[in-house]
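Engineer: sharing a model prediction with you, sequence too.
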Amino acid sequence: MKIKVIIGSLCIVLAVFIIMVISRKSLSTNMEEYQIVNGKIQYDRGIKLLDSDLESAKRELETSYGLGFYKAVAPLGSYYLKKGELNNAEKYLQKAVDSIHLYNQKNQRIIYNELGIVLAKRNNINGAKIFWQKAAILGSKDAKANLK
């Protein structure tokens, strides 16, 4: 009799444990999806604000990046370039280059061209030319002009 009670209790404990593990995994997956969706929302808001309110755009894009929406690094690089903060601009634009496959061709041109601008402003003309050439190959008129 005691063995049946012990086995029954172990089965209940095992069932509760399995339910907890499944629930935790589901909760983790839902949290990741929530972060990605909210990161995209913040990203879209930040992009809309880049031409009108740079500081608000920066806050939205930083929030987006913090939530794991990694495409926010390119516009953050653009923000810092506009502000003249070359260290941060280079850091974020380089991160964008490292994940260039996430961007469409138009945005790839912008990323390469802007990183070239940052490098040129830092007197690294050879490095700038490499990125301007990549942007020019993708059809950037600005990069072609920068190469002249």
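Structural biologist: On my side now, so go ahead.

Engineer: state the distance from L93 to L76.
Structural biologist: 9 Å (CB to CB, to the nearest Å). C-beta here means a position set from N, CA and C on the backbone, and glycine is covered the same way.

Engineer: sorry, wrong one. I was asking about D51.
Structural biologist: Taking CB to CB as the measure, D51 falls 15 Å from L76.

Engineer: picking that back up, who has more neighbours, L93 and L76?
Structural biologist: More crowded of L93 and L76, by other CB atoms under 10 Å: L93, with 28 against 23.

Engineer: skipping adjacent residues, who's closest to that one in space?
Structural biologist: Nearest non-adjacent residue to L93, counting by CB to CB, 6 or more residues apart in numbering: G77, 3.6 Å away.

Engineer: quick one: end-to-end length of stretch 56-76, please.
Structural biologist: Stretch 56-76 has an end-to-end distance of 12 Å (CA to CA, to the nearest Å).

Engineer: might you calculate how far that stretch sits from the centre of the chain?
Structural biologist: 6 Å (CA atoms, centre = their mean, to the nearest Å).

Engineer: go through that stretch and flag the buried ones.
Structural biologist: 57-58, 60-61, 63-65, 67, 69-76 (16 or more other CB atoms under 10 Å).

Engineer: for the closest residue to I125 other than its chain neighbours, give its distance to I130.
Structural biologist: Among residues not flanking I125 along the chain, L119 sits closest, at 7.7 Å (CB to CB, 6+ apart). Using CB to CB, L119 is found at 8 Å from I130.

Engineer: those two: who's more crowded?
Structural biologist: L119 (21 against 15).
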